[in-house]
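Asks: just to be clear, the model below is a prediction. Sequence and coordinates:
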Amino acid sequence: MSEYPRLIYLDEEREEALKSYLDTELLNHSAERGPHVDDLMRWQKDYWAKPTSERATFPFTGAATIIIPLSAIAIEAIHARTMTTAFGIPQIVAAHAVSSDWDKAARPVERFMDYELLVNMKFRRGIGDCFLEAEKFGTMIGKTGYEKVVKTAVRTVGDEEEEFDVTVRQGATFFPVPDARFLMPHSAKDPQTAPWCGEEHNDSSYDIMLMEEAGMFYPNTIIDKEGDENDSKNWSKLKGWVNAVYNMGFSEGKKFEENQQTLENTQPVFPDTIDWVEIWCGFDVDGSRKQKEICVYYHREARVIMGMRYNWHSDLRRPYRTNVYFPVEHRWRGIGVCKKNEQFQREVTTQHRQRLDNATLANMRMIKVSKLSGYGPREPIFPGKMWIVDDMTHVETFQLGEIYPSSYQNEQATVIYSQQRTGINETTLGMPQVGTPGTATSDLARIQEGNKKFDFIYANFKEFTNEIIMDSAENIQQFGPRSISYYSTVEGGDLVKQFFDLPVGLVRNGLVIQLKAAGQQQNKLLDRQNWQQIAAMLQQYYTGLIELAMPLGDQQLTQTIFYKGMAAATEAMRQIFESYDITNIDRMIVRELEGKISAGLADAAGSVTGGNTPGVGGNITSPGMDLLSAVSGQGAGNGASPIAGLLNR
């Protein structure tokens, strides 16, 4: 396993120039991104749909405070559909061998990448957060990288205690990056071509200590080293800065998270954290007037560079990938459901509150009593009570409002507008249709039309996933897998090792094996149906070929068709078994046929010995004659071909 790439050190002049550059850029960007973070917090509140007060006092005490969560209804339906489509089966990665020499390695590479992503990198949770934020706010941002976490253990050996370092985590990683924490100038359109990009981090002092011990940061970043107390180099650079940023409020991303904590009522009492930024940029590190791609870890408030490295990726890519829910022309950020539903949710909420308040007032019967009736304000009221009054007008009931049926129609009209904008209606929610139900044909047509919008959106998600998969594969190639024993213990591990030992350009560009997200064409649920249909077509194809070849009397041609048919039938059954995730497939198929088929094809390709040259009416003398007769049905008493039964199985 590899270590972190080496740290680089600057002289005082270049270090001060880098700090000034970062301070200026971060200050300018903080001013321009403030309104965008405010939008995110507003949409966050719309999704949470938490009333500002539990009990209203206007227009009367006890008025309705409910918020109709139109955005949440649409987002949760879309997210469930997206995650089910992407993770409905345990297969995440689809590998396609470009060269026939790597056909046998494609499936082992698929299994290895699925294991790394799902088990080691916890890919499902991370990519789900990216998808969910895109559905809410319009933009998904992900980051691939490498981590190493080292802890110190103490064990008793004999009569003495020994301490040693234990690497608890090491390997490729994937993390979702919140939009509120992502840093990039608004004038840029892509993290790969931007002047600089990065993200805000917020970690405890313990996390910073673990990262320093693993070699991510400079020594003395947070850990005090032994030495002369007067020597500033022996003091931690960030000593005294714990909690400072929380009180000063420099972090825009932290405001977004604090807003979510307020909605959840989960605010921490003692936020023992340190805020720092990770910036990828080009900078002249040696005064050569030539910018070099670097990665800087910077504590902005203390003006401390915690660590710095050259960009370690072979193609100098930056680790951030972005995509959108619904695009905006010429912009890298997209539109999410919260923005689409922003005005409709407020309108429906207002109309619904008015309707509830109107019904409350309309059903609130009150009693007016004349001063001359002799009854006071504390007069008890109960069914059957008799009121003795001098004048029949002294005691009367009245109501404060009337019920207006049109208010419900107005509310439903707004809901329809919202459904048209988001594409989520009662059909996609699995609810019964409002009004007169339509026919099954009309419902099917509606579903098909609705799927077009979802398919367009899912294509963006799949494109984003493809980039993350390729970046993860490149990180695994550079730093190695989390468990190097995979290569020697798992079936096909040697083929996986050969693939990742290739030059990085062959892996990145997919010149040997193409890696991409398993989509609708790679979905095993569809594979089952596809291969069952293919098996039937293979039966017809090879049976027809044999019937056409028999009158020719060409032994070489017929034998070739026969052996190819057995190979095709065996491969079809293997694919069907794999689509059902069957284990121990080799115990159920006739694996021994592979060698005999290869030998038979080689024999059929050789010269025909004995007898006349094969042709119409020629003599055929070959050990394969009996098999040929069986295939054609001769001597069996019927015209059925055994290959048909093999393919049907």
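Replies: Everything's here; your move. Fair warning: this is a prediction, and the values are worked out from it, not measured in the lab.

Asks: and the longest strand seen in the chain, how far out from the chain's middle?
Replies: Of all the segments of type strand in the chain, defined by DSSP state E, the longest one is strand 139-157. Remark: strand 139-157 is offset 21 Å from the chain centroid, using CA atoms, centre = their mean, to the nearest Å.

Asks: so what are the sheet partners of that strand and their directions?
Replies: Neighbouring strands of strand 139-157 in its sheet, by DSSP bridges, are strand 160-176 (antiparallel), strand 320-324 (antiparallel).

Asks: restrict the last one to CA atoms and write it as PDB.
Replies: C-alpha atoms of strand 320-324 as PDB (Å, rounded to 0.1, in the frame of the first residue of the first chain):
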ATOM      1  CA  TYR A 320     -14.100  17.000  -7.700                       C
ATOM      2  CA  ARG A 321     -16.900  16.000 -10.000                       C
ATOM      3  CA  THR A 322     -20.200  17.800 -10.600                       C
ATOM      4  CA  ASN A 323     -23.400  17.300 -12.300                       C
ATOM      5  CA  VAL A 324     -27.000  18.600 -12.200                       C
END
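
Asks: which outside residues touch it?
Replies: 134, 138-144, 177, 182, 190-191, 197, 199, 280, 332-335, 460-461, 463-464, 467-468, 471 (CB atoms under 8 Å, 6 or more residues apart in numbering). (Each C-beta comes from the backbone N, C-alpha and C, glycine too.)

Asks: just these: which are in strands?
Replies: Those of those lying in strands (DSSP E): T139, M140, I141, G142, K143, T144, F182, C197, E199, W280.

Asks: looking at the residues you listed, which is nearest N363?
Replies: Nearest to N363 among these, counting by CB to CB, is T139 at 46.5 Å.

Asks: for the chain, which segments count as strands?
Replies: Counting by DSSP E, the strands of the chain are 93-97, 139-157, 160-176, 182-183, 196-204, 273-283, 292-299, 304-310, 320-324, 365-369, 395-399, 513-517.

Asks: and the longest strand of the chain, what's buried?
Replies: T139, M140, I141, G142, K143, T144, G145, Y146, E147, K148, V150 (16 or more other CB atoms under 10 Å).

Asks: show me what the fourth one is bridged to.
Replies: Partner residues in beta bridges with G142: P176, R321, with DSSP bridges as the criterion.

Asks: so it sits against E133, correct?
Replies: No. With contact defined as CB atoms under 8 Å, G142 does not reach E133; the gap is 10.1 Å.

Asks: shared neighbours of the two, anything?
Replies: Shared contacts of G142 and E133, counting by CB under 8 Å, 6+ apart, come down to P176.

Asks: list the contacts of the residue nearest the centre of the chain.
Replies: The centroid of the chain falls nearest to I127 when counting by CA atoms, centre = their mean (2.3 Å). By CB under 8 Å, 6+ apart, the residues touching I127 are A86, G142, F174, P176, T465, I468.

Asks: wait, which of the residues you listed is closest to A569?
Replies: A86 (32.6 Å).

Asks: F461 is in contact with that closest one, correct?
Replies: Yes. Applying CB under 8 Å, one finds A86 in contact with F461, separated by 7.1 Å.

Asks: is it true that A473 touches I513?
Replies: No. Judged on CB under 8 Å, A473 makes no contact with I513 at a distance of 9.5 Å.
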